[in-house]
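>>> Below is the structure, and that's it, no one-letter string:
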């Protein structure tokens, strides 16, 4: 392994080791908080989820339940959008 490559690897690992700002932590927590809110919504209002007793409803009716949408959006935000937003916050120095 060349010294330049080892130096680059060490620089990349030390860049990731710096602590996250409060803003970055809040952004990373928004997705899981939304997903948890969807799960709590489904538990508080279980009649909204017709997965257990569909009573002759079609597939679209089973998929299109608001608590499931909230959980999906929370997970997609955390996996797809939040890392880019946190990276932008790091670059801006916030």
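Done, it's in. Computed from a prediction, not measured in an experiment: that's the story for all the values here.

>>> going forward, measure contacts and count neighbours with C-alpha atoms only.
Fine.

>>> Pull the number of nearby residues for residue 42.
For residue 42, the neighbour count with other CA atoms under 10 Å is 19.

>>> Can you name the residues that contact the residue nearest the centre of the chain?
The centre of the chain sits closest to residue 78, judged by CA atoms, centre = their mean, with a distance of 1.7 Å. Residues in contact with residue 78 (CA atoms under 8 Å, 6 or more residues apart in numbering) are 28-32.

>>> buried subset of those?
Buried subset of the contacts of residue 78 (neighbour count, 16 or more other CA atoms under 10 Å): 28, 30-32.

>>> For residue 19, give its distance to residue 70.
As judged by CA to CA, to the nearest Å, residue 19 and residue 70 stand 29 Å apart.

>>> So which of the two has more stuff around it?
Neighbour tally, residue 19 and residue 70, criterion other CA under 10 Å: the higher count belongs to residue 70, 20 against 9.

>>> Helices along the chain, start to end?
3-17, 22-44, 59-63, 66-76, 82-92 (DSSP state H).

>>> hey, which of these is tucked in deepest?
For those, average neighbour numbers computed from mean count of other CA atoms under 10 Å are highest in helix 66-76, which has a mean of 18.
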